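S.K.: mind folding the following:
(2 chains)
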Amino acid sequence: MWMAHSRSPYGARRLALACFALLLVALFLLPSQIQGLLQYLDGPVGYVVRIPLEAIASIDAGIADRWEQYVALQGVREENQQLRKEIEWLRGQHSQLRESVAATERLTALLQFKEQALPTMVAAQVIGRDATNRYRAIILNKGESDGIKPDMGVVTPAGVVGRVVKTTGASSVVLLVTDPSNAIAGLIQRTRDEGVVEGTQQGLAQMKYIPLLSTVRDGDRVVTSGLVGDFPRGLVIGTITRIDKQEGALFQSAELMPEVDIGRVEEVLVIQTSYGQSTKAGAGADLLGKPSP
Amino acid sequence: MKFSIYLALVLLLVPLQTTLLPHLSLWNVKPDLGLVAAALVGLFAGELEGLLVGLAIGWVLSLFSAGELWLSLLTNGGVGLLAGFLGRQVSQMTSVALGLGLLLVSLASGVFAALNFQHLDGSQMWWMIESIVFPQACFDGVVGGGLYWLLSRRFDVIRLRTE
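M.R.: Predicted coordinates for the structure are as follows:
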């Protein structure tokens, strides 16, 4: 590496420095104005960037499909046998549940509960992951033009995925339930204790602020409480794997295994109904297993 | 011509960074191609172009990230500007020197970003620096140095830098 004298035009250097200094000042003094100014351009730029992004995402999905269909078939026979056993077991469970459903329907009618209004949802495809390593987020191929707005909840039939934090005209960014910056109001299904579900740095989730007297235990399921945010009540978040009860603490916390395999999620549903509209009609009922459009 | 190249670079960086690189990540850490690209543009084209391309990359990548816009603008623009200044002082850059420089710059910007995470306590911040920021900085250095090495084998980089 040799040192050399500057050959750059002095004016260009001064201009670059001035631009950077101006940007620094503007970002610190007028952050919201700068953000607002750039938001006008976000839409068109989002549309333009979406073209190569979707093209490469579809090639990527095609390769992944081929891989899954032909190459990654090792151990499928054993898996198939195990799944057959599980089906048998689930059939037994299913018949029991049908009995329970019938009983629930009768009781619901007796109590004159209104039919629960399911939230409106938009299906979207995952076309990428967060551009940085600092956040656990996914990028969807639907944006403002499809009615998606920040803070909307995102789910799959298995459970909660995360919430929308940023949108452009044609895409949106979803902060996953496993990100430490995310917080969702949760409810332990068995004990009905409420708490806040946050992501952990290890890529799992934890439920904080569980009352000290709660009888929570490993294997308990945590669902959305529907009290805060845009998630209706009763969507599965995860299963408790470890309880953390510290001496002298006012609350206990629990580690959760998210129900959705966040690393493999390809299609999601964005809940468009705002809080209140979805929960008013069926305040007592859960949406378990019913997140269909 | 130059504008078209920069436009293509910015547009292609998004699918590369968000769709393809997650498959190539090691321990869930992928290199920041935006930072590498801003540094290389600054090095070859000078501080003004490095700054402007860095800002454009920072802005477009921030549309596809949950992170803050100002942080993305500041780090990518700053790296482009810094690389432009350093590039003017050095007549013959080696890929190892560039790699080391990128490692340091990426480390500095990563630590700065970690300090701006408000919900992290001391141990969590250390965990983030140890498990995300440092591996990413190493990754950035290797990718930047490698790209420069490839460019220097294919093109006359000294002429490119003086043009």
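S.K.: how deep is residue 85 tucked in, by neighbour count?
M.R.: This is for chain A. For A:Lys85, the count of nearby residues is 9 (other C-beta atoms under 10 Å in any protein chain shown). All C-beta spots, glycine's among them, are computed from the backbone N, C-alpha and C.
S.K.: was after chain B, sorry
M.R.: Residues contacting B:Phe85 under the criterion other C-beta under 10 Å number 18.
S.K.: tell me which residues touch it, please.
M.R.: Residues near B:Phe85 by C-beta atoms under 8 Å, 6 or more residues apart in numbering or on different chains: A:Arg13, B:Gly42, B:Glu47.
S.K.: reformat these as CSV; add pLDDT and distance to B:Leu21.
M.R.: Conversion of the contacts of B:Phe85 to CSV gives the following (pLDDT from 0 to 100; distance: C-beta to C-beta, whole Å):
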residue, pLDDT, distance to B:Leu21
A:Arg13, 71, 33
B:Gly42, 87, 21
B:Glu47, 83, 27
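S.K.: how about the strands in chain A?
M.R.: Assigned by DSSP state E, the strands in chain A fall at A:2-3, A:121-129, A:137-140, A:153-156, A:159-167, A:172-176, A:183-188, A:194-199, A:205-211, A:221-224, A:236-244, A:251-258, A:267-271.
S.K.: which residues does the last one contact?
M.R.: Applying C-beta under 8 Å, 6+ apart, the contact partners of strand A:267-271 are A:119-126, A:138, A:140, A:142, A:148, A:152-156, A:161, A:164, A:172, A:174, A:230-232, A:278, A:291, A:293.
S.K.: so what touches stretch A:241-253?
M.R.: A:195, A:204, A:206-212, A:214, A:216-218, A:254-257.
S.K.: what do you get if the cut-off is 6 Å, keeping everything else the same?
M.R.: A:Gln206, A:Lys208, A:Tyr209, A:Ile210, A:Leu212, A:Ala254, A:Glu255, A:Met257 (C-beta atoms under 6 Å, 6 or more residues apart in numbering or on different chains).
S.K.: which of the strands of chain A has the lowest average pLDDT?
M.R.: Out of the strands of chain A, strand A:2-3 stands lowest, with a mean of 43 (criterion: mean pLDDT).
S.K.: out of the contacts of stretch A:241-253, which is nearest to A:Ser32?
M.R.: A:Lys208 (30.5 Å; C-beta to C-beta).
S.K.: what sits against that closest one?
M.R.: A:Gly195, A:Val196, A:Ser253.
S.K.: distance of it relative to chain B?
M.R.: 12 Å (C-beta to the nearest C-beta, to the nearest Å).
S.K.: again with A:Arg192
M.R.: Distance, A:Arg192 to chain B, by C-beta to the nearest C-beta: 28 Å.
S.K.: that residue: how many residues sit nearby?
M.R.: 9.
S.K.: where does it land on pLDDT?
M.R.: 87.
S.K.: tell me what A:Gln125 is bridged to.
M.R.: Here A:Gln125 sits in beta bridges with A:Glu267, as judged by DSSP bridges.
S.K.: thinking again about what came up before, drop anything exposed from the contacts of strand A:267-271.
M.R.: A:119, A:121-122, A:124, A:126, A:138, A:140, A:142, A:148, A:152-156, A:161, A:164, A:172, A:174, A:230-232, A:278, A:291 (16 or more other C-beta atoms under 10 Å in any protein chain shown).
S.K.: what comes up buried for the helix or strand encompassing B:Val111?
M.R.: For B:Val111, the host element (DSSP states H and E) is helix B:95-115. Neighbour counts over helix B:95-115 (16+ other C-beta under 10 Å) mark B:95, B:98-99, B:101-103, B:105-111, B:113-114 as buried.
S.K.: swap in stretch B:123-143?
M.R.: B:128-129, B:131-143.
S.K.: all strands of chain B, in order?
M.R.: Ranges of strands within chain B are B:90-92, based on DSSP E.
S.K.: and it, which residues reach chain A?
M.R.: Neighbours of chain A within chain B, by C-beta under 6 Å from any C-beta of the partner chain: B:11, B:14-15, B:17-19, B:22, B:29, B:46-48, B:51, B:61, B:63-67, B:70, B:81, B:88, B:90-94, B:97, B:127, B:132, B:136.
S.K.: which ones among those residues lie within helices?
M.R.: Per DSSP state H, helices hold the following members of the residues of chain B next to chain A: B:11, B:14-15, B:22, B:47-48, B:51, B:61, B:63, B:70, B:81, B:88, B:97, B:127, B:136.
S.K.: pull the number of nearby residues for the closest residue to chain B within the stretch 51-200 of chain A.
M.R.: Going by C-beta to the nearest C-beta, chain B is nearest to A:Gly128 of the stretch 51-200 of chain A, at 3.2 Å. Neighbour count for A:Gly128, taken as other C-beta under 10 Å: 27.
S.K.: do the one 4 residues further on as well
M.R.: Residues contacting A:Thr132 under the criterion other C-beta under 10 Å number 26.
S.K.: state the distance from it to A:Gln82.
M.R.: 39 Å (C-beta to C-beta, to the nearest Å).
S.K.: then A:Arg13?
M.R.: Using C-beta to C-beta, one gets 67 Å for the distance from A:Arg13 to A:Gln82.
S.K.: closest one to A:Gln93 among the strands of chain A?
M.R.: Here strand A:221-224 is closest among the strands of chain A (C-beta to C-beta), at 15.0 Å.
S.K.: give the partner strands of the closest one in its sheet and their orientations.
M.R.: strand A:183-188 (antiparallel), strand A:236-244 (antiparallel).
S.K.: what's the angle between the shortest one and strand A:159-167?
M.R.: If I follow you right, that is strand A:183-188. 160 degrees (axes from the mean of the first three to the mean of the last three C-alpha atoms, to 10 degrees).
S.K.: now do strand A:183-188: distance to the chain's middle.
M.R.: Centroid separation for strand A:183-188 versus its chain: 13 Å, with C-alpha atoms, centre = their mean, to the nearest Å.
S.K.: restricting to C-alpha, output it in CSV.
M.R.: The C-alpha atoms that make up strand A:183-188 are tabulated as CSV, following Å, rounded to 0.1, in the frame of the first residue of the first chain:
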residue,chain,number,x,y,z
ALA,A,183,-43.7,-7.3,21.9
ILE,A,184,-47.1,-9.0,21.7
ALA,A,185,-49.7,-9.3,24.4
GLY,A,186,-50.0,-13.0,25.3
LEU,A,187,-52.2,-15.2,27.4
ILE,A,188,-51.4,-18.7,28.8
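S.K.: any idea of the angle that strand forms with strand A:251-258?
M.R.: Using the same axes, to 10 degrees: strand A:183-188 against strand A:251-258 is 100 degrees.
S.K.: outside of strand A:183-188, which residues touch it?
M.R.: Strand A:183-188 is contacted by residues A:194-198, A:207, A:216, A:220, A:222-223, A:225, A:227-228, A:237 when judged by C-beta under 6 Å, 6+ apart.
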